[in-house]
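here's my sequence, what's the structure:
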Amino acid sequence: MSETKPLVAGGDDAEHLRRLKAYQPWAFFITFGGYFMSHFSRKCYSTVKRPLQDIAHYSAFVLSQMDTIFMATYAAGNIINGKLGDTFNPTLILAIGLFGSGACLLLINVAIWFDFEGINDTFGVLFIDFVYFLFGFFQATGGPVGTAVMGNWFCDPESIQNRGTIFGFWTCHQYLGDITAGLCTSLILSVGLPYWWALTIPALCNIAWAFLTAQLIADPFTVGIITPEVKIRQEKLEAKRKELAEKGETMADDEGPKPITYIGALQIPMVAQYALAFGFFKLTNYVLFFWLPYFLSNNFDDVTANLIALLYSVGMMPGGIIVGAVSDLFGGRRAVVIGTFMCLLIFFLAFFAAKSESGMSPVTLLVLLGFMGILVGGPNNIITSAVAADLASHPSVRGNNKSLGTVTGLINGCGSITASVGLLAVGPLQDKFGWGSVWFYLIGCTATGTLLMGTKIYAELFPPRETPSVSV
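Got it, this is the predicted structure:
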């Protein structure tokens, strides 16, 4: 059906808006739950690494190898899945990702139950590496494709005005998933169940949510709701039809918006800069997330170090809400808010650099890490959600809702690649020069990412003045 033809006979804007608003909570709930399930399954694996080593006899090298494989395929998967979500049915891609994630965890359990490692060491390692290779691709569907579905439904003027706040709350899914995974594993081990139940439960939950996700309507247009994006497309098509009619030519029936290409996505202003900047911000987050317990264990026992480091993760959850709400308050000037947060983070990192060798009290660390979680989590969460939605609404692609998944996937995927490569420097730096050098390294990464956003920050602070037209 052509988008240029009315989909609802006698329908009016108020009715379309009512139907759009009525479905928004369900779209939020299903996509939130899908990403929650992804993190639930992803984190549960990391919580049973010790039993995998002690009971299943997978070496530390094999477990580290699994993490590396996952990071590589997850980064590539973001870029690929974002494009797939814009090309095919987004809910089908989301459902496949959830079903595949659950299936991969069950296959890991199969390797544990039948002791593939004990039967043949090479086969056992290759099997679990291959499963985790697939796991990374399946896990990468939730971010770009889920964001695209959210963008499709939350496209009315009120939602756009509050886009930062809406996506700020939506991005809490990952932290709630991580927390649930930790609680689930603790409960399983405390009641004496075999540790592999910590993989089975999230696997079954992912598969169940996949069937629920498959029923989600990805695009309001498919149920006859005319959104502002469709109206813009209609206007563009009508103008083109008139132009061709004046030349005596006709236009073929419209088959809907075509998915944007990777080159087309990168040509949208600021997409490439945000993709690079996000890589440096994500690197800072990864270093703090993976290395904080190790750093803190220099002055505290392992239990205390992990508890103190947990506050950093807790701080990240409200970070996205704060950045989103504040940027909405200032008219969607997200680059300015992100830049401010990053500049504040540099001061905190400098304090750590100065005090890293002498040590800090637990109370001081708790306060600092809580604030650092907010400062890092806010920009990281908003760039891959509200900012990506803003970029995909640029005038050059207005009227085409087949761009948000690709844009989000490029930003997230390129960011993951940059962060993965940057992580390789942390170990050698702290071995040779001490922890002070690591904090200075993070200062450099944060400053570089902020500078890459410099043109956007300047444009938001000093927008070009419109020249008033003079009537003659």
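
kindly check the end-to-end length of stretch 217-228 for me.
18 Å (C-alpha to C-alpha, to the nearest Å).

how about it: buried residues?
For stretch 217-228, the neighbour count (16 or more other C-beta atoms under 10 Å) marks 217-221, 225-228 as buried. Every C-beta, even on glycine, is put in place using the N, C-alpha and C of the backbone.

got those residues as TSV, with distance to residue 85 columns?
Listed next are those as TSV, based on distance: C-beta to C-beta, whole Å:
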residue	distance to residue 85
217	14
218	9
219	11
220	16
221	15
225	19
226	22
227	18
228	21
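
and which of those is nearest to residue 290?
residue 218 (34.3 Å; C-beta to C-beta).

check the secondary structure at the closest one for me.
coil (DSSP: H, G, I helix; E, B strand; the rest coil).

you'd agree it is up against residue 89?
Yes - counting by C-beta atoms under 8 Å, residue 218 does reach residue 89; the two are 6.3 Å apart.

picking up where we left off before, mind putting the buried residues of stretch 217-228 in a markdown table, distance to residue 424 and pLDDT included?
Shown next, in a markdown table, are those (distance: C-beta to C-beta, whole Å; pLDDT from 0 to 100):
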| residue | distance to residue 424 | pLDDT |
| --- | --- | --- |
| 217 | 43 | 95 |
| 218 | 38 | 93 |
| 219 | 41 | 90 |
| 220 | 44 | 92 |
| 221 | 45 | 86 |
| 225 | 48 | 88 |
| 226 | 50 | 85 |
| 227 | 45 | 82 |
| 228 | 45 | 75 |
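
and residue 146, how many residues sit next to it?
Residue 146 has 30 neighbours, counted by other C-beta atoms under 10 Å.

quick one: contacts for it?
31, 34-35, 94 (C-beta atoms under 8 Å, 6 or more residues apart in numbering).

where does it fall, secondary structure wise?
helix 142-153 (DSSP states H and E).

quick check: mean pLDDT across that helix?
Mean pLDDT, computed over helix 142-153, is 93.

ok, now stretch 415-423?
Here stretch 415-423 scores 88 as its mean pLDDT.

with stretch 107-118 instead?
On average, stretch 107-118 scores 92.

gap between that stretch and the chain center?
Mean C-alpha position of stretch 107-118 versus that of the full chain (C-alpha atoms, centre = their mean, to the nearest Å) differs by 31 Å.

can you pull out the low-pLDDT segments for the stretch 1-150 of the chain?
1-11 (pLDDT under 70).

repeat that with 80
Scanning the stretch 1-150 of the chain for pLDDT under 80 picks out the ranges 1-12, 45-47, 50, 60, 64.

what segments of it are helices?
13-47, 49-54, 60-87, 90-113, 116-119, 121-139, 142-153 (DSSP state H, counting those that start in this stretch).

relative orientation of the first one and helix 121-139 in degrees?
The reference is to helix 13-47. The directions of helix 13-47 and helix 121-139 differ by 160 degrees, with axes from the mean of the first three to the mean of the last three C-alpha atoms, to 10 degrees as the criterion.

middle-most residue in the protein, spatially?
residue 143 (4.4 Å; C-alpha atoms, centre = their mean).

surely that one meets residue 35?
Yes - the criterion here is C-beta under 8 Å, and residue 143 meets it with residue 35 at 7.1 Å.

start and end of stretch 168-179, how far apart?
Length of stretch 168-179, first residue to last, C-alpha to C-alpha: 18 Å.

avg pLDDT for that stretch?
According to the model, stretch 168-179 has a mean pLDDT of 90.

cool, and stretch 380-397?
Here the average pLDDT along stretch 380-397 is 88.

just the C-alphas of it, formatted as PDB.
What follows is stretch 380-397, C-alpha atoms only, in PDB (Å, rounded to 0.1, in the frame of the first residue of the first chain):
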ATOM      1  CA  ASN A 380      26.900   6.700  27.500                       C
ATOM      2  CA  ASN A 381      23.200   5.900  27.900                       C
ATOM      3  CA  ILE A 382      21.900   8.900  26.100                       C
ATOM      4  CA  ILE A 383      24.300   8.900  23.100                       C
ATOM      5  CA  THR A 384      23.000   5.400  22.000                       C
ATOM      6  CA  SER A 385      19.300   6.300  22.500                       C
ATOM      7  CA  ALA A 386      18.100   9.900  22.500                       C
ATOM      8  CA  VAL A 387      21.100  11.300  20.700                       C
ATOM      9  CA  ALA A 388      20.800   8.600  18.000                       C
ATOM     10  CA  ALA A 389      17.100   9.300  17.600                       C
ATOM     11  CA  ASP A 390      17.900  13.100  17.300                       C
ATOM     12  CA  LEU A 391      20.500  12.300  14.600                       C
ATOM     13  CA  ALA A 392      18.100  10.000  12.700                       C
ATOM     14  CA  SER A 393      15.600  12.900  12.600                       C
ATOM     15  CA  HIS A 394      17.900  15.200  10.700                       C
ATOM     16  CA  PRO A 395      16.200  17.100   7.900                       C
ATOM     17  CA  SER A 396      18.200  15.100   5.300                       C
ATOM     18  CA  VAL A 397      16.400  11.900   6.400                       C
END
